[in-house]
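*Asks:* Sharing a model that was predicted from the sequence below.
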Amino acid sequence: MFQPLNKNSIRLDRGLFRYVIRATGKHQLVIALLTIAVFLLEIVPLEIQRRAINDLVKHRDYRMIVVLCGAYLTAVLVQGGTKLILNVYRGWVGEWATRDLRHRVRLLASSASDASSTSEATGIQASMVVSEVEPIGGFVGGAISEPLLEGGILASVLAYMVHVDWRMGLSALALFVPQLIFVPLMQGAMNRRTQKRVKIIRRLSISVIDRPPPEAIEADDRRDDQRIDLVFQLNVGILKLKFSMNFLMNLSTQLQIIAALLVGGWMVHQGDLEVGGIVAFISGIGKLADPWGDLVNWFRDVNLNLVKYRLMRDAVDYQLAGADELPGPALVAD
């Protein structure tokens with residue numbers, strides 16, 4: 001049950017993950033256990049597919065195919081049900097964290113000293129409540145389980161592919177190497193743009209609340225228009241980088257499928273691999289694409305939310321300290 005905060009508990013932990021562990025540590029442990037169960041179940045449908053295809057090719061008793069299909073359905077239902085519970089639980093934890101952060105900002109507005117109760121402070125508080133708390137709280141729910149789940153799926157599926165045939169497994173793994181180069185570079189560029197955007201939006205919030213005298217309104221409006229245009233340019237730049245990275249990642253996935261058909265087809269032709277092995281590989285590649293994309297999104301989110309959390313923490317610290325002016329570069333920027 002949520003406990004009302006007092007003034008001494010408004011201050012945020014020094015690091016985002018320290019806050020995650022302190023505020024939701026017990027829930028994160030349960031989520032981690034559910035996550036492990038989900039990714040361990042990921043390879044069961046692949047193996048059932050492989051055996052069913054091989055049995056069909058070898059014209060074995062059709063009753064065995066029926067049994068395997070029943071086992072496949074059972075595995076899918078068990079894994080899907082476990083993942084449903086996991087997702088709902090993670091969502092609940094994220095919403096709890098969002099509520100916790102909103103309570104902190106609300107109490108900050110009423111508990112901060114008069115020296116820090118400036119229009120600038122009020123603008124930053126409004127920005128935090130409206131646009132910054134929600135993504136941070138949402139991230140908290142999957143802060144630990146998301147990389148554990150997606151990384152576990154990648155590791156288990158790749159291990160299964162190597163188990164079926166190490167040559168095809170290594171060929172699929174090799175095509176991940178280019179992504180290890182271009183993904184961090186493009187992600188870093190997006191993070192820098194996002195950090196600048198957060199600061200500009202804060203300045204816009206301050207400007208809306210703290211209107212200048214009539215004689216200065218025109219100049220202030222011009223500055224706000226420039227900030228809005230800059231936010232637009234930053235957002236467009238982020239979109240270009242994001243969708244370009246998605247294009248390159250999808251291309252890598254298709255190249256993996258082509259490699260599976262070329263290498264696996266040759267091995268089937270030579271009698272070194274059964275047809276079910278190729279089916280399992282192509283299905284496995286499909287199962288690699290989603291967790292890899294989700295893992296990249298998680299790294300994107302962790303960098304963005306580290307920036308947002310640090311800005312929020314600094315704003316809370318300075319306002320609680322009763323500063324007359326919040327430092328411009330650290331909290332807001334033109």
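*Replies:* Happy to help now that I have it.
*Asks:* Quickly note the distance from the residue nearest the centre of the chain to Gln187.
*Replies:* With distances taken as Cα atoms, centre = their mean, Trp298 lies nearest the centre of the chain, 2.7 Å away. According to Cβ to Cβ, to the nearest Å, Trp298 and Gln187 sit 11 Å apart. Placement of C-beta: from N, CA and C, glycine included.
*Asks:* moving C-terminal of the longest helix seen in the chain, what's the next helix or strand?
*Replies:* Secondary structure assigned by DSSP state H gives helix 217-269 as the longest helix of the chain. For helix 217-269, the following helix or strand on the C-terminal side (DSSP states H and E) is helix 275-320.
*Asks:* give the contact list for Met249.
*Replies:* Under the criterion of Cβ atoms under 8 Å, 6 or more residues apart in numbering, the neighbours of Met249 are Gln179, Val183, Ala289, Trp292, Gly293, Val296.
*Asks:* how about 10 Å then?
*Replies:* Contact partners of Met249, counting by Cβ atoms under 10 Å, 6 or more residues apart in numbering, are Phe176, Pro178, Gln179, Phe182, Val183, Ala289, Trp292, Gly293, Val296.
*Asks:* okay, now Ile285: neighbour count?
*Replies:* By the criterion of other Cβ atoms under 10 Å, Ile285 has 21 neighbours.
*Asks:* who touches the spatially closest residue to it that is not a sequence neighbour in this structure?
*Replies:* Closest residue in space to Ile285, ignoring its immediate chain neighbours: Gln256 at 4.7 Å, by Cβ to Cβ, 6 or more residues apart in numbering. Residues near Gln256 by Cβ under 10 Å, 6+ apart: 168, 171-176, 281-282, 284-286, 288-289.
*Asks:* Also Pro184?
*Replies:* By Cβ under 10 Å, 6+ apart, Pro184 lies in contact with Val296, Phe299.
*Asks:* That one and Ala315, how far apart?
*Replies:* 29 Å.
*Asks:* How about Asp13?
*Replies:* Going from Asp13 to Ala315 by Cβ to Cβ gives 15 Å.
*Asks:* Can you tell me the number of residues neighbouring Ile48?
*Replies:* 21.
*Asks:* Surely it touches Leu41?
*Replies:* No. Under the criterion of Cβ atoms under 10 Å, Ile48 makes no contact with Leu41, lying 11.5 Å away.
*Asks:* so what's in contact with those two at the same time?
*Replies:* Ala75, Val76.
*Asks:* and Phe176, what are its phi and psi?
*Replies:* phi -80, psi -20 (degrees, to the nearest 10).
*Asks:* what do you get for Leu175?
*Replies:* According to degrees, to the nearest 10, Leu175 has phi -80, psi 0.
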